[in-house]
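*Asks:* coordinates for the following, if possible.
(2 chains)
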2 protein chains.
Amino acid sequence: MDHKDSVSSIRVFSLNCWGVRYLSKHCAERYAMIADMLHEEKHDVVLLQEVWSEKDYLFLKKKLASSHIHSHYFKSGVIGSGLAIFSKHRIQDTLLFRYSLNGYPYMAHHGDWFGGKAVGLAVVNIGTLTANFYLTHLHAEYSREKDAYLPHRVVQAWELQQFIRHTSAGADAVVLGGDLNMHPQDLGNRLLTSYTGLRDAYTEANHFEGCEDGLTLILENPFISQKVIAPFEKGIRIDYILFKGSCTADIQCASMYTTKGSIPGRPFPYSDHEALTAELHFDMLAPSEAYGDFRARSCNCAEEEVAQLVDILTEARTEVKVGVHCAKRMRETATRTGVMGLALLLLELAIAAVPWLALGTQQTFPFPLTSFYLLAALCFAILLCTSLLYVFYTMELKSLQGTEDQMRLAVGALQEKLRGFPVVEQQERLGK
Amino acid sequence: MDHKDSVSSIRVFSLNCWGVRYLSKHCAERYAMIADMLHEEKHDVVLLQEVWSEKDYLFLKKKLASSHIHSHYFKSGVIGSGLAIFSKHRIQDTLLFRYSLNGYPYMAHHGDWFGGKAVGLAVVNIGTLTANFYLTHLHAEYSREKDAYLPHRVVQAWELQQFIRHTSAGADAVVLGGDLNMHPQDLGNRLLTSYTGLRDAYTEANHFEGCEDGLTLILENPFISQKVIAPFEKGIRIDYILFKGSCTADIQCASMYTTKGSIPGRPFPYSDHEALTAELHFDMLAPSEAYGDFRARSCNCAEEEVAQLVDILTEARTEVKVGVHCAKRMRETATRTGVMGLALLLLELAIAAVPWLALGTQQTFPFPLTSFYLLAALCFAILLCTSLLYVFYTMELKSLQGTEDQMRLAVGALQEKLRGFPVVEQQERLGK
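*Replies:* Sure thing, here's the model as predicted:
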């Protein structure tokens, strides 16, 4: 069933399925609709996010058994990563990279932490071409004005670009699909695209059909609450298909489509997000054109681009530093509360011990028993919670500081490049 | 200070520093000894493990400021990953991959979980050569006969080989140093070396000096307890320097050295592990020789090798399945205990509520108050602990099942390769 002949164009589909069982509206019906549509459309590669239940993945897998014989579900965290890939072409290999930060476990109503958000990589052989498909879903933005998760999302964007850069050297083509939870001009998005050289299918497409401005969360969608969209006029664009070629293959986006909030002949849309479809055209480059170092492209990029990258990195570092500051403050608060809990417990025990130690005097217990035990239990609970929080914030702090170190190192390497050394070296090598 | 000229040989050093502050013997003195030796020996790249305290890293960094101007400390988990790299050559880029499994948090006396074990990647430019240095430290083996952590270590070895394969395509040379906590013929080691093609510096070295059989944990080391080594005669080999070249560079191990349990003129050795030094020789291949696909090598490997890999993978899958079985059983135990705790709590409340509800009759409380509160607190503690354990085991289960899925996929791809399809395809492409 594999397509061994030379494939020159592929269709890639991406959708955030909003698949929270029992909580998402019409979940089962929507999955049935999605399965029918995918079976009929027969996209080459389907990248799905928020497939939270493995049962739903298995349902899709069964329904798509004849149209997409290869598939993989990325398992992670408590609930799962929610990431699933279906492909007409053989998936050669997969790898899951878990982001080091992903919200807070005690923010259970936001739920991100339990999802174990990650980026999944599937190496897919399409004819003679080896393409790396990445799919991911970053931490949600619950408030644009007061976004407590911004440092976490910047760290995720940083780790995402690192992961893509380091794992894509052997690939002819790279495609990233997913819900980035970032607007096109957001810091994390700029960091991702300028560092990796990934191009946005929406802006690059020769032909586009769909929502105005390529929006993927729109008011017209009946599952979207007014409240979420209200500050943004018509809607927001947070789902993307990004792509790039390599020195062995040229890649262009011929056309791009999004759904428009309703599906003709259906009672409701596939999800609260709009679905994206991109048609990508490949041109394999002949060996003579292709020779060179995979890294040459990134080294030979123009000086302004490197300078711009340094600016973006500096901005990102500032954001991460804000995160470090917050995490330190939270950890201090946890420590102080814990110490108070301990002090209270010791005080209580001391007061209780005084008459017990003062033998010979009358042995009346200075507390009502109920209050004594309740207070002791409260103190223990405080101690336990603050200890867990202390451990958690320490881990958060390590991750943030680690990212900041890596960013500092990267800025150093870029500034070295700006001084012109490696460029000369690279040219020497290529000219050798 | 960077070496821009063509470097044809490098010396790589690896040591597990046993740097647990206040617990490891002579910790500060040993770090001072290590710093002196490194400063004097001026190895090109130094890979250190178990540098648990950032203060010790900063101490080394200060001491090595003139001999190794580039360095990076990989931060992770609660304590840190313990991984540090020092280099005479510029570190271009770094990436940290955290293993999805790493022991159990409640096994605090083993401590592995808190370390947040990971593999660190540093991309180092050595003259015109780009080398990927990986350093890692896998979960310890506390009992060879009854190794409860074997599935975790197999998952770590699997993730390590995945990470190396996927990130090394753009590198001219790959070097991995670290404490793998696996004997040479252990499953995880075979999985790692046969999948990545990494070669063991000890077996490949033209010249070797050091402990018999290349052992790195030996009886002669005064920090080693008899108990650990007793079942293995002279000692065990669990620290390694592994390497491989690429289609752009040939790499050979000219010589390899280990320390021998004592340092001439010093009161004690550097650590409880022996230190490794490997001298690697490079030959850059000319573009005409070098052209080809980075993946060609892995695709063109002999049929027997692929068949052998399938066998090793099958063995690893079995081990992971054992892990899945154990995790399920542990989760069931946690669930049952939690349900019992809840039932006990409800029973207690019911008994207490009976006289309170039976208005009109005399209101004697059926429990001594102290027992009532103690029992309630116990029930709450059981509920809390089992809930946390349930969440933890679910995450463990997801990781194990995810790895098993990936292994199944990999076996499928390898069997496809055995049938000869991709080899033909690859040859076609190369001949094009």
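*Asks:* distance from the chain centre to the lengthiest helix in chain A, please.
*Replies:* Determined from DSSP state H, the single longest helix within chain A is helix A:303-357. From the chain centre to the centre of helix A:303-357 is a distance of 25 Å (CA atoms, centre = their mean, to the nearest Å).
*Asks:* can that helix be said to contact chain B?
*Replies:* No - residues of helix A:303-357 are not located near chain B by CB under 8 Å from any CB of the partner chain, the shortest gap being 11.3 Å. Placement of C-beta: from N, CA and C, glycine included.
*Asks:* now for the helix or strand following that helix, which elements pack on it?
*Replies:* Under the assignment DSSP states H and E, the closest C-terminal helix or strand after helix A:303-357 is helix A:369-418. Helix A:369-418 sits against helix A:150-167, helix A:303-357, strand B:70-74, strand B:91-98, helix B:369-418, with contacts defined as 3 or more CB pairs under 8 Å, 6 or more residues apart in numbering or on different chains; DSSP states H and E.
*Asks:* tell me if the fourth one is near chain A.
*Replies:* Yes - Strand B:91-98 reaches chain A (CB under 8 Å from any CB) through B:91, B:92, B:93, B:94, B:95, B:96, B:97, B:98.
*Asks:* now do that strand, average pLDDT.
*Replies:* Average pLDDT, strand B:91-98: 91.
*Asks:* please apply the same query to the first one.
*Replies:* Here the mean pLDDT over helix A:150-167 is 94, rounded to a whole number.
*Asks:* how about that helix as PDB, C-alpha atoms only?
*Replies:* Extracted C-alpha coordinates of helix A:150-167, given in PDB (Å, rounded to 0.1, in the frame of the first residue of the first chain):
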ATOM      1  CA  LEU A 150       3.700  33.200  29.200                       C
ATOM      2  CA  PRO A 151       7.200  32.100  30.500                       C
ATOM      3  CA  HIS A 152       6.100  28.500  30.300                       C
ATOM      4  CA  ARG A 153       4.900  29.000  26.700                       C
ATOM      5  CA  VAL A 154       8.100  30.800  25.700                       C
ATOM      6  CA  VAL A 155      10.100  27.900  27.200                       C
ATOM      7  CA  GLN A 156       7.900  25.500  25.200                       C
ATOM      8  CA  ALA A 157       8.500  27.500  22.000                       C
ATOM      9  CA  TRP A 158      12.200  27.500  22.700                       C
ATOM     10  CA  GLU A 159      12.300  23.700  23.300                       C
ATOM     11  CA  LEU A 160      10.100  23.200  20.200                       C
ATOM     12  CA  GLN A 161      12.500  25.100  17.900                       C
ATOM     13  CA  GLN A 162      15.500  23.400  19.500                       C
ATOM     14  CA  PHE A 163      14.000  20.000  19.000                       C
ATOM     15  CA  ILE A 164      13.100  20.700  15.400                       C
ATOM     16  CA  ARG A 165      16.500  22.200  14.500                       C
ATOM     17  CA  HIS A 166      18.400  19.300  16.100                       C
ATOM     18  CA  THR A 167      16.300  16.500  14.700                       C
END
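*Asks:* can you list the strands that whichever helix or strand comes after that helix pairs with?
*Replies:* The first helix or strand that comes after helix A:150-167 along the chain, using DSSP H and E, is strand A:173-179. Strands that pair with strand A:173-179, judged by DSSP bridges, come out as strand A:129-137 (parallel), strand A:239-244 (antiparallel).
*Asks:* same list (those strands) but as TSV, adding mean pLDDT and mean neighbour count.
*Replies:* Listed next are those as TSV, based on pLDDT from 0 to 100; neighbours: other CB atoms under 10 Å in any protein chain shown:
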stretch	mean pLDDT	mean neighbour count
strand A:129-137	94	26
strand A:239-244	96	24
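*Asks:* which of these sits closest to residue A:341?
*Replies:* Nearest to residue A:341 among the strands paired with strand A:173-179 is strand A:129-137 (37.2 Å), distances taken as CB to CB.
*Asks:* low-confidence regions, chain A specifically.
*Replies:* For chain A, the stretches flagged by pLDDT under 70 are A:1-7, A:116, A:287-301, A:356, A:358-367, A:421-432.
*Asks:* quick one, phi/psi of the residue nearest the centre of it?
*Replies:* Centroid-nearest residue in chain A, with CA atoms, centre = their mean: residue A:138, separated by 2.6 Å. Main-chain dihedrals, residue A:138, degrees, to the nearest 10: phi -90, psi 170.
*Asks:* same check on residue A:265?
*Replies:* When read as degrees, to the nearest 10, the backbone of residue A:265 gives phi 80, psi 10.
*Asks:* kindly report the same for the one 4 residues further on.
*Replies:* For residue A:269, the backbone dihedrals are phi -80, psi 170 (criterion: degrees, to the nearest 10).
*Asks:* correct me, but it touches residue A:218?
*Replies:* No - Residue A:269 lies out of contact with residue A:218 (CB atoms under 8 Å); the separation is 9.8 Å.
*Asks:* ok, residue A:115 to residue A:140 distance?
*Replies:* Between residue A:115 and residue A:140 the computed distance is 10 Å (CB to CB, to the nearest Å).
*Asks:* which one's more surrounded, the two?
*Replies:* The neighbour comparison of residue A:115 against residue A:140 (other CB atoms under 10 Å in any protein chain shown) goes to residue A:115, with 23 against 17.
*Asks:* for residue A:344, the count of nearby residues, please.
*Replies:* Residue A:344 is flanked by 16 other residues according to other CB under 10 Å.
*Asks:* can you tell me how far it sits from chain B?
*Replies:* From residue A:344 across to chain B, the span is 16 Å (CB to the nearest CB, to the nearest Å).
*Asks:* skipping adjacent residues, who's closest to that residue in space?
*Replies:* residue A:379 (5.2 Å; CB to CB, 6 or more residues apart in numbering or on different chains).
*Asks:* enumerate every residue touching the one you found.
*Replies:* A:341, A:342, A:344, A:345, A:348 (CB atoms under 8 Å, 6 or more residues apart in numbering or on different chains).
*Asks:* now with 6 Å?
*Replies:* Applying CB atoms under 6 Å, 6 or more residues apart in numbering or on different chains to residue A:379 gives the contacts A:341, A:344, A:345.
*Asks:* how about these in TSV, adding distance to residue A:167?
*Replies:* Formatted as TSV, those follow (distance: CB to CB, whole Å):
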residue	distance to residue A:167
A:341	46
A:344	51
A:345	51
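*Asks:* and these, which is closest to residue B:418?
*Replies:* residue A:341 (62.1 Å).
*Asks:* so how far is chain B from the closest one?
*Replies:* 15 Å.
*Asks:* can you pull the buried residues of stretch A:310-321?
*Replies:* Of the residues in stretch A:310-321, A:310, A:312, A:313, A:316, A:317, A:319, A:320 count as buried by neighbour count, 16 or more other CB atoms under 10 Å in any protein chain shown.
*Asks:* just checking, residue A:205 touches residue A:254?
*Replies:* No - here residue A:205 lies out of contact with residue A:254, judged by CB atoms under 6 Å, at a distance of 7.3 Å.
*Asks:* chain B contacts on chain A?
*Replies:* A:75, A:78, A:92, A:94-95, A:128, A:162, A:166-167, A:169-170, A:291, A:294-295, A:369, A:373, A:377, A:391, A:394-395, A:398, A:401-402, A:406, A:413, A:429 (CB under 6 Å from any CB of the partner chain).
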